[in-house]
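Peer 1: Output the structure for:
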Amino acid sequence: MDLYLLYKILHIFFVISWFAGIFYLPRLFVNHVEVESIEVKKHLSIMEKRLIKFITPLGLLAIIFGFMMGLMSPNLASFLNQKWIITKIIVTLSLIGYQVWCWKIIKDLSTDNSTWTGFQLRIFNEVPVIFLLSGIIAAIYKF
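Peer 2: The predicted structure follows:
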């Protein structure tokens, strides 16, 4: 099998896995702020911490295999100047920022310092959908 295709398969696999966790994590946040039970809040806090620790390496592997594909380009400078690659880099950096923000929310929720409402967290939960759609459009249309 072509090494580029192997990197592409792994990149897509890890992107999908990363996004699965990114989509679920804010739903845990919503439940966390809306539930009254201290025991349930503690359990959700454990789930949140475990999930973010699980998806962080998935995101790193998605980035690594995307980078490996880029390194296989015959002209790296020309490759990096394409608008679709720039868009994917911006999407990736935005998603990293989003995940860092999730780490902060987890910390705030675990210490009861969160000011987020369930509605705000539902809106926050939709942000990665925009990232995903932007990345897919950029990769497919290569604009």
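Peer 1: Contacts only, for Leu51.
Peer 2: When the contact criterion is CB atoms under 8 Å, 6 or more residues apart in numbering, the partners of Leu51 are Gly21, Tyr24, Leu25, Leu28. In short, each C-beta sits where N, CA and C put it, glycine included.
Peer 1: Generate a PyMOL selection restricted to the buried subset of those.
Peer 2: Command for PyMOL that selects the buried part of the contacts of Leu51, burial taken from 16 or more other CB atoms under 10 Å:
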select buried, resi 21+25+28
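Peer 1: which one's the longest helix in this structure?
Peer 2: For the chain, the longest helix by residue count, based on DSSP state H, is helix 38-71.
Peer 1: counting contacts, what elements does whatever helix or strand comes next after that helix pack onto?
Peer 2: As assigned by DSSP states H and E, the chain's next helix or strand after helix 38-71 is helix 76-80. Applying 3 or more CB pairs under 8 Å, 6 or more residues apart in numbering; DSSP states H and E, we find helix 76-80 packed against helix 38-71.
Peer 1: quick one, what contacts Ala20?
Peer 2: Per CB under 8 Å, 6+ apart, neighbours of Ala20: Ile55.
Peer 1: circling back: tell me the buried residues in the longest helix of the chain?
Peer 2: Of all the residues in helix 38-71, those buried under the rule 16+ other CB under 10 Å are 41, 44-45, 48, 51-52, 55-56, 58-59, 61-63, 65-66, 68-69.
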